[in-house]
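Peer 1: Give me a model of this one.
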Amino acid sequence: MYSTEENIICNCMNISEHEIVYAIKHRDVQIVQDIIDITSAGTGCGSCIPELEEILKRERGF
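Peer 2: Predicted coordinates for the structure are as follows:
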């Protein structure tokens, strides 16, 4: 098992999976753009956006 705190999702902005999951669970995150606005993940090269979508689907149970 890996630690979500150490699992960096956005390398450009150094945003971990833990930070993304926290935003989803504790802020009013409905869409990927909300994650981007709150955490800045995805604002560099954008290659992590598909992973942000997957994390949001997983955490929201879609």
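Peer 1: Need the contact partners of stretch 31-39.
Peer 2: 10, 13, 15, 19-20, 23-24, 27-29, 41-43, 49, 52-53, 55-56 (CB atoms under 8 Å, 6 or more residues apart in numbering). C-beta: built from backbone N, CA, C; applies to glycine.
Peer 1: Next step: these restricted to helices.
Peer 2: Glu19, Ile20, Ala23, Ile24, Ile49, Leu52, Glu53, Ile55, Leu56 (DSSP state H).
Peer 1: just to revisit the earlier point, buried ones from the contacts of stretch 31-39, can you make that a ChimeraX selection?
Peer 2: To isolate the buried ones among those in ChimeraX, judged by 16 or more other CB atoms under 10 Å, type:
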select :10,13,15,19,20,23,24,29,41,42,49,52,55,56
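Peer 1: Run a quick neighbour tally on Cys48.
Peer 2: 23 (other CB atoms under 10 Å).
Peer 1: what about it, distance to Ile36?
Peer 2: 10 Å (CB to CB, to the nearest Å).
Peer 1: repeat for Cys12
Peer 2: In terms of CB to CB, Cys12 sits 12 Å off from Ile36.
Peer 1: So which of these two has more stuff around it?
Peer 2: Ile36 (20 against 15).
Peer 1: Phi, psi for the more buried one please.
Peer 2: Backbone torsions for Ile36, taken as degrees, to the nearest 10, come to phi -60, psi -50.
Peer 1: for the one 3 residues further on, same thing?
Peer 2: Phi and psi for Thr39, reported as degrees, to the nearest 10, are phi -110, psi -20.
Peer 1: Please name the residues that touch the spatially most central residue of the chain.
Peer 2: Centroid check for the chain by CA atoms, centre = their mean gives Ile20 as the closest residue, at 3.5 Å. For Ile20, the contacting residues are Ile9, Ile35, Thr39, Ala41, Leu52, Ile55, by CB under 8 Å, 6+ apart.
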